[in-house]
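[1] Provided below are the primary sequence and the corresponding predicted coordinates.
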Amino acid sequence: MYALVRQIPAGRLATYGQVAELLGCWGRARQVGWALRRLRGPTDVPWQRVVNAAGRISFSPSREGSDWIQRQLLLEEGIEVSEDGRLPLRRYLWTPVPDAFLEL
């Protein structure tokens, strides 16, 4: 999963569900989120580029501030993010190249 997330280019977004589906794990979006939340920083996995299907950052006290870090990292990549974490998902949604993951 981390190898797949590393392929999301700067300035693009993917959803938790999209990552799960690309891995052949349809319906496992929560597990993708759980795995990304467990990363220790600094990391080369661009976890900030993965958001929920509603096109929002998932703000939660249990994230211990990583939601605000995510917002800042996305802004630095040039992705518009509202104060409440809304994103123009359609504009920035990543469309992977077919068969790009056969080597993962």
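    Noted; the coordinates are in hand. Numbering: from 1, shown residues only.
[2] flag the shaky bits of this structure, pLDDT-wise.
    59-65, 98-104 (pLDDT under 70).
[3] got the buried residues for the biggest helix by length in it?
    In the chain, assigned by DSSP state H, the helix with the most residues is helix 66-76. Buried residues in helix 66-76, defined by neighbour count with 16 or more other CB atoms under 10 Å: Ser66, Asp67, Gln70, Arg71, Leu73, Leu74. The way it works is simple: take the backbone N, C-alpha and C, and place the C-beta from them, glycine included.
[4] wait, the last one touches Arg49, no?
    It stands for Leu74. Yes. Leu74 sits in contact with Arg49 when judged by CB atoms under 8 Å, with a separation of 7.5 Å.
[5] mind listing the shared neighbours of these two?
    By CB atoms under 8 Å, 6 or more residues apart in numbering, Leu74 and Arg49 have these common neighbours: Leu13.
[6] name the nearest residue to the most centrally placed residue in the chain, sequence neighbours excluded.
    Note on the chain: the residue nearest the mean C-alpha position is Val50, at 0.7 Å, using CA atoms, centre = their mean. Excluding its sequence neighbours, the residue lying closest to Val50 (CB to CB, 6 or more residues apart in numbering) is Ala14, at 5.3 Å.
[7] so which strand or helix has the one you found?
    Secondary structure from DSSP states H and E places Ala14 in strand 14-15.
[8] elements contacting the helix or strand that that strand is followed by?
    Using DSSP H and E, the helix or strand that directly follows strand 14-15 along the chain is helix 16-22. Identification of packing neighbours for helix 16-22 by 3 or more CB pairs under 8 Å, 6 or more residues apart in numbering; DSSP states H and E yields helix 2-6, helix 29-37, strand 50-51.
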